[in-house]
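Peer 1: Below: sequence and its predicted model.
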Amino acid sequence: MRTLKLLGNFLICLAVASVVVFAVVNLLPGDIAGVILGPNASPESVAALRERMGLDEPLVMRYVTWMGTLLSGHVPRSALSGAPVGADIAGRFAVTGWLVFFGMGVAICLALPMGAWAALNRHRPSGWLVSGFAQFGMAIPAFMVGICLTIIFGVKLRWFPANGYVEASTSVTGWLSHLVLPSITLGAVQGAILVRYVRSAFVDVLRTDWFRTARSVGWRRWAAVWRHGLRNTALQLVTVVGLQVGSLFAGAIVVESVFAIRGIGTYLLQNVSNRDLPVVSTIVLMLVALVLVVNLLVDLSYGFIDPRLRNRRRLGR
Amino acid sequence: MLCLHSSTGALVDRALDSGATYNPYGRIMRTTAARVVAATISAVLTVVLTACGGTSAPADRQLVVGVSTSPSSLDPTTADGAAISQALLYNVYETLVKINDTGDIVPLLAKEWSVSPDGTSYTFELQPRATFASGAPVDSHAVIASLQRIIDDPAVLPILKKKMEPVSSMTAVDADTVQVQLNQPSNSWLFDIAERAGIIMDPNSHANAASQPQGSGPFRLDNWTQGDEIKLVRNSSYWGTGTKLAGITFRKYADPNAMNAAMLSGELDIISNVAAPEALSQFSDKRFTVLEGTSTGEIILAYNHASPALSNLQVRQAINYAIDRKALRDSVWAGKGELIGSMVAPTDPWYQDLSGEYPYDPAKARELLAASGITDLNLRLRIPTLPYAPGAASYITSQLAEVGITATVDQLEFPATWVQTVMVERNYDMTIISHTESRDIANFANPGYYWNYNNTAVQESIAAANVAPTTAERDQLMAQAAKLISDDAAADFLWLLPNLVVTTSDVTGVGANAVSLSFDMTAAAAPPK
């Protein structure tokens, strides 16, 4: 029952989002006819091309056409080239997916120990230092981190490629090495944000009776944090991480530009710049769907993470 | 490799040991911690491994060229956008005649040509051995089919159709001879067909030209990843003297810093044009060669002559006097690029230096403005989001403020919003834009162009130049038109966009100038490695 309700919510959200996305995208000033004809356009040639491309149809009709294509299980063709873009979009989502995956990994690897440390030492200077460091990290724009990492590790030291991307099918080592700097860039800023959540989650745990009990029966401090703290903060952290997936994809757009990675972010920007509106609407809707799916999964995962929620129904509540 | 692998194993074992030694509190920590450490170490080692590549026999080079724009289609005749011609013209698609690095017309698919005494009939002798990459011959039928497509196909860009307007008929005299009959003499037509309007496509490829270009050049398309890169490889059956390169990859960088970083870290062989000249100093060491040449991109402060104040000659002249173009170029474009004074590039045969026509003179500007009777002048300066425009706009705004003109700057996204607002709707007073087409002075003779500039003297000069019997007379008439445009302050000609190419020092044969739309790599060479 709960699952069905969540699924219903998901579909309603998606339908509303499709209308909003389509409307907003079509509000963009400028159009594709001007892009194709370029700086040599004349008003007549632009008008003629607009008519040929069906851009003079009413907005509602264009929405119906777009939705019809999507509901029939197809990805709309590019208005610019007339070519199918489904494979392009899938390939680029995969690239950004890896970037977000590794970026999230970096963020979690940074945030868990730092947040836990800041919580345990919250009355000591070292804890304040970690919290302050995280605040500082949040204030640095991702592109600046990216440019600094590029100059230091890509250009001066040459430890990693400065930018670009290689498919894993071409070279696994090339693929990994190209992802190192972008993942750190994406993960560092997200990690700084995550530290605050981890810290407050751990602070809550440290104040509980059972944590005090664990300590009093002889568990060492870090061992108790590992065994009891981590598990009990998992619920809150999974929620936050789920919410952050959306902002990671948004951050990936910036990171992809700085590192010249052919992901969904650069593809989206390119199509916005070309005013290829069917493609732009489709990608944005897919991103919306992705964030909704992740949050749906987060909702569904509560039962697996927390036995108390799982057993609630069995206990008749 | 083997050695590194075994050491990875040893490190992992040690990590497992340490997990077991220091953390006696349970299974979770031991295994999890060990796994994390092991995974990290192997990830780092894999990355390090990329640094040590194997040695093999020297291979021909696939040169990677960094470019700042990427095409939306690969057909230069149906989509505008400099990126298409940049990659494909002369490299993949050939023309009867081509424009070389110094701006002269030289033979390509036509080994020679002759013009009838009245200037209305052109006879082209084709290279008898020329073939397309597919193996099909480049004969008179293929040539006529390509040129006829520009005239007939409704999808072809209007600007290219206009270039073919002088043609009345085309005849295949024999397999290797084409005769083109013009309605009237035209001094610009041969030049016009040296670029996009004159590309000769494989007759079987017309339908798929947007994604699969088939030409007769020394390179052919291998792979195109839209928005990312165009990979060309050597056409091994090229009819002429082929290239020694394995190929060229045009790779797009949206961010100029990313492009510079890629060049510095050795991932690029060539930067096609450095977008920010102040970045040039990074390439001053021995690893790089910097080529400074000219382009045909006149950066102009364009006036909308339909806007009431700007239809007044004194106001336009006042603005021209109010702007110190040398200081502007020095501050915005690091002193690179020539000052021109009219819509003529120094590589054009009728070039004359008109850069001294409106010396910086704010007092004179104020005088002219007072004489015009226009007070409280407020103009909309609507600029595109292109590298040179915002800096130039703020400089110009402050200089105009000194003589009492208020300019309000709007940045419009290029191309989508700028083209729509400025070129189509003409909803602007002034804009700053580089006109990159070669010999585009003819736009000043087109009252329908976005400047709304209608000067019959200029129109007559340019029309007369086009039908002038000798090139000397043509050049004299074109120079006269350029002077008229300058005297009339039809626009303020800020500076000529320089062509700043960076290559690694072992690359040769790349021209310094950009006088055609092509990034011509047909003569480029680099030692195999």
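Peer 2: That came in fine, so what should we check first?
Peer 1: make it CA atoms for all contacts and neighbour counts henceforth
Peer 2: OK.
Peer 1: Which strand in chain B has the most residues?
Peer 2: strand B:288-303 (DSSP state E).
Peer 1: Show me what that strand is packed up against.
Peer 2: strand B:430-435, strand B:491-504 (3 or more C-alpha pairs under 8 Å, 6 or more residues apart in numbering or on different chains; DSSP states H and E).
Peer 1: Just the buried residues of the last one, please?
Peer 2: Residues of strand B:491-504 classed as buried by neighbour count (16 or more other C-alpha atoms under 10 Å in any protein chain shown): B:491-504.
Peer 1: Among those residues, which ones lie close to chain A?
Peer 2: Near chain A, judged by C-alpha under 8 Å from any C-alpha of the partner chain, there are no entries from the buried residues of strand B:491-504.
Peer 1: Tabulate the residues you listed (TSV), appending pLDDT and distance to B:Tyr253.
Peer 2: Shown next, in TSV, are the buried residues of strand B:491-504 (pLDDT from 0 to 100; distance: C-alpha to C-alpha, whole Å):
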residue	pLDDT	distance to B:Tyr253
B:Ala491	97	32
B:Asp492	97	31
B:Phe493	97	29
B:Leu494	97	27
B:Trp495	96	25
B:Leu496	95	23
B:Leu497	93	20
B:Pro498	93	20
B:Asn499	93	18
B:Leu500	93	16
B:Val501	95	15
B:Val502	96	15
B:Thr503	96	16
B:Thr504	96	18
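Peer 1: Can you tell me which of those is closest to chain A?
Peer 2: B:Thr504 (15.1 Å; C-alpha to the nearest C-alpha).
Peer 1: before we move on, which element is the closest residue to chain B within chain A in?
Peer 2: Ranked by C-alpha to the nearest C-alpha, the top residue of chain A for proximity to chain B is A:Gly30, at 4.0 Å. Counting by DSSP states H and E, no helix or strand carries A:Gly30.
Peer 1: Report the contact partners of it.
Peer 2: A:275, B:416-421 (C-alpha atoms under 8 Å, 6 or more residues apart in numbering or on different chains).
Peer 1: picking up where we left off before, is it possible to export the buried residues of strand B:491-504 to TSV including distance to A:Val238?
Peer 2: Converted to TSV, the buried residues of strand B:491-504 look like this (distance: C-alpha to C-alpha, whole Å):
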residue	distance to A:Val238
B:Ala491	61
B:Asp492	60
B:Phe493	60
B:Leu494	57
B:Trp495	57
B:Leu496	57
B:Leu497	53
B:Pro498	54
B:Asn499	53
B:Leu500	51
B:Val501	50
B:Val502	49
B:Thr503	49
B:Thr504	49
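Peer 1: and the two most separated of these?
Peer 2: B:Ala491 and B:Thr504 (38.7 Å; C-alpha to C-alpha).
Peer 1: if we can go back for a sec, any idea which of the contacts of A:Gly30 the model trusts least?
Peer 2: The lowest pLDDT within the contacts of A:Gly30 belongs to B:Ala416, which sits at 83.
Peer 1: Quick check: that one vs chain A, distance?
Peer 2: 5 Å (C-alpha to the nearest C-alpha, to the nearest Å).
Peer 1: Do you know the pLDDT at the closest residue in space to that residue that isn't next to it in sequence?
Peer 2: Once flanking residues are discounted, B:Ala416 sits nearest to A:Gly30: 4.7 Å by C-alpha to C-alpha, 6 or more residues apart in numbering or on different chains. pLDDT, A:Gly30: 79.
Peer 1: Over to B:Thr77?
Peer 2: On the pLDDT scale, B:Thr77 gets 93.
Peer 1: Also A:Leu315?
Peer 2: At A:Leu315, pLDDT is 54.
Peer 1: Please list the residues of the stretch 151-300 of chain B that sit near chain A.
Peer 2: B:157-159, B:210, B:227-228, B:253-255, B:257-258, B:261-262, B:264-265, B:267.
Peer 1: Are any of the contacts of A:Gly30 buried, and if so which?
Peer 2: A:275, B:416-421.
Peer 1: what would these look like in JSON lines with secondary structure and distance to B:Asp104?
Peer 2: Below are the buried ones among the contacts of A:Gly30 laid out as JSON lines (DSSP: H, G, I helix; E, B strand; the rest coil; distance: C-alpha to C-alpha, whole Å):
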{"residue": "A:Arg275", "secondary structure": "coil", "distance to B:Asp104": "38"}
{"residue": "B:Ala416", "secondary structure": "helix", "distance to B:Asp104": "34"}
{"residue": "B:Thr417", "secondary structure": "helix", "distance to B:Asp104": "36"}
{"residue": "B:Trp418", "secondary structure": "helix", "distance to B:Asp104": "33"}
{"residue": "B:Val419", "secondary structure": "helix", "distance to B:Asp104": "31"}
{"residue": "B:Gln420", "secondary structure": "helix", "distance to B:Asp104": "35"}
{"residue": "B:Thr421", "secondary structure": "helix", "distance to B:Asp104": "36"}
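Peer 1: And these, which two are furthest apart?
Peer 2: Once C-alpha to C-alpha is applied, these give A:Arg275 and B:Thr421 as the farthest pair, at 14.5 Å.
Peer 1: residue contacts, the residue in the stretch 301-450 of chain B positioned nearest to chain A?
Peer 2: Here the stretch 301-450 of chain B gets closest to chain A at one residue, B:Thr417, 4.0 Å apart by C-alpha to the nearest C-alpha. Applying C-alpha under 8 Å, 6+ apart to B:Thr417 gives the contacts A:29-31.
Peer 1: let's see it at 7 Å
Peer 2: Shown in contact with B:Thr417 (C-alpha atoms under 7 Å, 6 or more residues apart in numbering or on different chains): A:29-30.
Peer 1: now do B:Gly335
Peer 2: B:Arg329.
Peer 1: which SS class is it?
Peer 2: Three-state call for B:Gly335 (DSSP: H, G, I helix; E, B strand; the rest coil): coil.
Peer 1: and chain A, which of its residues are near chain B?
Peer 2: Counting by C-alpha under 7 Å from any C-alpha of the partner chain, the residues of chain A close to chain B are A:29-32, A:34-43, A:80-81, A:154-155, A:158, A:162-163, A:173-174, A:176-177, A:223, A:257-260, A:262, A:270, A:273-275.
Peer 1: Assign A:Ala48 to helix, strand or coil.
Peer 2: Going by three-state DSSP: A:Ala48 is helix.
Peer 1: Run a quick neighbour tally on it.
Peer 2: 11 (other C-alpha atoms under 10 Å in any protein chain shown).
Peer 1: cool, and B:Tyr351?
Peer 2: Around B:Tyr351 there are 18 residues (other C-alpha under 10 Å).
Peer 1: OK, contacts around the residue lying closest to B:Ser121 once chain neighbours are set aside?
Peer 2: Closest residue in space to B:Ser121, ignoring its immediate chain neighbours: B:Gln181 at 4.7 Å, by C-alpha to C-alpha, 6+ apart. B:Gln181 sits next to B:120-122, B:167-170 when contact means C-alpha under 7 Å, 6+ apart.
Peer 1: For whichever residue of the stretch 151-300 of chain B sits closest to chain A, give me the pLDDT.
Peer 2: Residue of the stretch 151-300 of chain B nearest chain A, by C-alpha to the nearest C-alpha: B:Ser265 (4.8 Å). Here, the pLDDT recorded for B:Ser265 equals 90.
Peer 1: So which residues of chain B form helices?
Peer 2: B:2-22, B:27-51, B:82-88, B:140-152, B:158-163, B:189-192, B:256-264, B:313-322, B:325-332, B:362-372, B:389-402, B:416-418, B:456-467, B:471-487 (DSSP state H).
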